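Trainee: Quick one, fold the following:
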Amino acid sequence: MKIRIKGNSLRYRLTRTDIDTFIKQGHLQEQANFGGNVLTYAIKSSNADELSATFENSIITLNMPFTMAAEWTGTDRVGYENRTADFYLLVEKDFQCLDNVEEDQSDNYPNPLAGKK
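Mentor: Residues are numbered from 1 along each chain as shown. Next up, the predicted model:
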């Protein structure tokens, strides 16, 4: 699972294994260790009506409604977003890059644009 933060926007990208774990457990989290401080980022299924996020005790949690999670993980749907006046949230499947990158992408989803280059 990857996150990208830019200004007031937060994007989560999940690989196939990440999504499998998320749908089975209803929760997925990872950590980044910054010396003596740890940033935890997580995605969690919830009863909410829309995507929402919290940041408490150095933990960023993206809350995804159960209905969205079921559709997203069981179909070809790429992702979901929620834009408010204050913040933009996006969660999506992680596709293989079209450019050459050194990052291991073997668990990413095939890029639908790969054959159109």
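Trainee: the helices in the protein, which residues?
Mentor: Secondary structure of the chain, counting by DSSP state H: helices at 16-25, 66-74.
Trainee: Let me know which of those helices is the nearest to residue 41.
Mentor: Between residue 41 and these, the tightest spacing by CB to CB is seen for helix 16-25, at 11.7 Å. All C-beta spots, glycine's among them, are computed from the backbone N, C-alpha and C.
Trainee: Poorly predicted segments of the protein, please.
Mentor: 95-117 (pLDDT under 70).
Trainee: thinking again about what came up before, okay, the helices of the chain in a markdown table with distance to residue 5 and mean neighbour count next?
Mentor: Listed next are the helices of the chain as a markdown table, based on distance: least, CB to CB, whole Å; neighbours: other CB atoms under 10 Å:
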| stretch | distance to residue 5 | mean neighbour count |
| --- | --- | --- |
| helix 16-25 | 18 | 16 |
| helix 66-74 | 21 | 15 |
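Trainee: To residue 93, which of those lies closest?
Mentor: Checking the helices of the chain against residue 93 by CB to CB gives helix 16-25 as the closest, at 6.9 Å.
Trainee: Contacts made by that closest one with the rest, please.
Mentor: By CB atoms under 8 Å, 6 or more residues apart in numbering, the residues outside helix 16-25 that reach it are 1, 14, 28, 43, 45, 69-70, 72-74, 93-94, 107-109.
Trainee: just checking, residue 30 touches residue 39?
Mentor: No - because the distance of 9.4 Å does not satisfy CB atoms under 8 Å, residue 30 is recorded as not touching residue 39.
Trainee: picking up where we left off before, which of the contacts of helix 16-25 sits closest to residue 80?
Mentor: Looking across the contacts of helix 16-25 and measuring by CB to CB, the closest to residue 80 is residue 72, at 6.5 Å.
Trainee: From residue 35, how far out is the closest one?
Mentor: Here the criterion is CB to CB, to the nearest Å. By it, residue 72 lies 35 Å from residue 35.
Trainee: In terms of secondary structure, what does the lengthiest strand in the chain contact?
Mentor: When secondary structure is assigned using DSSP state E, the longest strand within the chain turns out to be strand 37-46. The contact analysis (3 or more CB pairs under 8 Å, 6 or more residues apart in numbering; DSSP states H and E) places strand 37-46 against strand 9-14, strand 27-34, strand 59-65, helix 66-74.
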